[in-house]
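In: My questions concern the predicted model and sequence given below.
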Amino acid sequence: MKPPPGTNLKNLFFVKLLSIIRATATLFATAAITSCDAVYEDLDPCEPNPSGVDVKLVYDRNLPGGDAFAKSVHCATLHLFNEQGRYIGSFPCEGNMVSIDLPAGRYHAIAYGGMSCTDASYKFASVPSEVSHYNELQTVLTDTRAPGEWTGKLHPHFHANADITVADTEGHSQMAMSLTKNTNNLRVVLQHDDGSAVDPDDFEFYITADNSTMAHDNSVVKTGNDVIYRNWTSGTIPMGFIVNETQDETKPVIDAYAEIHFGRMDTKADSPVLHVRRKQGEKEIINVPLTTYFRMIKSKELEELSLQDYLDMQDQWSIIFNLDSDTQEWIGFTIKINDWIVNILDFDF
């Protein structure tokens, strides 16, 4: 239809445009108000926020403390079990977090750090499945089901477990799980009483322990088979010079060292034992139960910690052995951890 003669076409255009804008605004406002309050055949009802849990993994069970997850844990996975203890599923962490939608109920979670990495040193004895109960879960050091040796470094291995309750409400609850580190490093130093050089190639360094298998609660499971942990590095340490009485002659002081990675120390299981053998004559000169001797270095400042907590929270150890330069027998030793040093001259096997 043509507009009447004399109509201002420009004004008519703007009037129609304004009507369209007002109608559109009213339509959207109505939809916004009613879409969650009423159900129409062409609209889906609004879904409530699902219940569940957000779990944060932390590695704060260490000395001197603080969360060292980002620095120490390279990968982590949370394994979830229902109230009857049956396996539900495994959930890889994004960084140190895992978010799971769950119906209201009670659950049990076991988290491992390091096992899902490509160079992991531990694996499941049996991969969890829908028929698994969490108390059947075990981890084993790879390739050690029979008596064997481990040469080289251990990939850092961590464990945590916790009960989880999901409330019958919308949204996720938040919780944290603290990891325990199960792998240790021991630095062994040999020095002669007269300061003469010690050659590390004259000795064998290793630790024996029946600790290749750990249960769901991180306790060590005795298998009757010791693992032989060999040193992953060795060398010499220049310690300075000895000057004779006339000060016209000096000789270097050189100590030998070796470092050994080994698995968890459990106070309810047999202690890992350090061995040092002199290759010439195949004579063992050092045989030390580590748990027994590490107990002696526990600081009074840490008396609130149990021995087990102390062993779990400290993962770097060092012992210096003093050898008779003529007989190569050890005549005493020093334990040094952080800033604490203990010299022991009277000892009993």
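Out: On my side now, so go ahead.
In: need the helices for this structure, in chain order.
Out: According to DSSP state H, the chain carries its helices in the segments 9-34, 69-72, 290-295, 307-313.
In: Out of the ones you listed, which gets the lowest mean score?
Out: Among those, helix 9-34 carries the lowest mean pLDDT, a mean of 45.
In: List the residues that contact the residue nearest to the spatial centre of the chain.
Out: Nearest to the mean C-alpha position of the chain, counting by CA atoms, centre = their mean, stands residue 158 at 2.9 Å. For residue 158, the contact set (CB atoms under 8 Å, 6 or more residues apart in numbering) comprises 59, 72-73, 76, 111-114, 179-182. For glycine as for every other residue, the C-beta is placed from the backbone atoms N, C-alpha and C.
In: next one: residue 262
Out: So residue 262 contacts 154, 183-184, 186, 207, 209, 211, 227, 229, 272 (CB under 8 Å, 6+ apart).
In: cool, residue 161 as well?
Out: 108-111, 177, 216-218.
In: Any figure for the gap between the nearest residue to residue 218 once chain neighbours are set aside and residue 111?
Out: What sits nearest to residue 218 in space, not counting adjacent residues and going by CB to CB, 6 or more residues apart in numbering, is residue 159, at 4.4 Å. To residue 111, residue 159 is 7 Å away according to CB to CB, to the nearest Å.
In: With residue 321 instead?
Out: Applying CB to CB to residue 321 and residue 111 gives a distance of 38 Å.
In: who has more neighbours, those two?
Out: residue 111 (24 against 21; other CB atoms under 10 Å).
In: Please tell me I have it right and that one contacts residue 178.
Out: No. Using CB atoms under 8 Å, residue 111 makes no contact with residue 178, being 9.7 Å away.
In: Show me whatever sits in contact with both of the two.
Out: residue 160.
In: pLDDT below threshold where in the stretch 101-250 of the chain?
Out: For the stretch 101-250 of the chain, the stretches flagged by pLDDT under 70 are 144-147, 242-249.
In: That one: strands as residue ranges?
Out: Using DSSP state E, counting those that start in this stretch, the strands found in the stretch 101-250 of the chain span residues 105-113, 122-124, 138-141, 148-151, 158-166, 172-178, 180-181, 184-192, 203-209, 213-215, 220-221, 227-230, 233-243, 250-262.
In: And the contacts of residue 158, which is closest to residue 83?
Out: Distance to residue 83, by CB to CB, is smallest for residue 111 among the contacts of residue 158, at 18.5 Å.
In: Cool, thanks, signing off.
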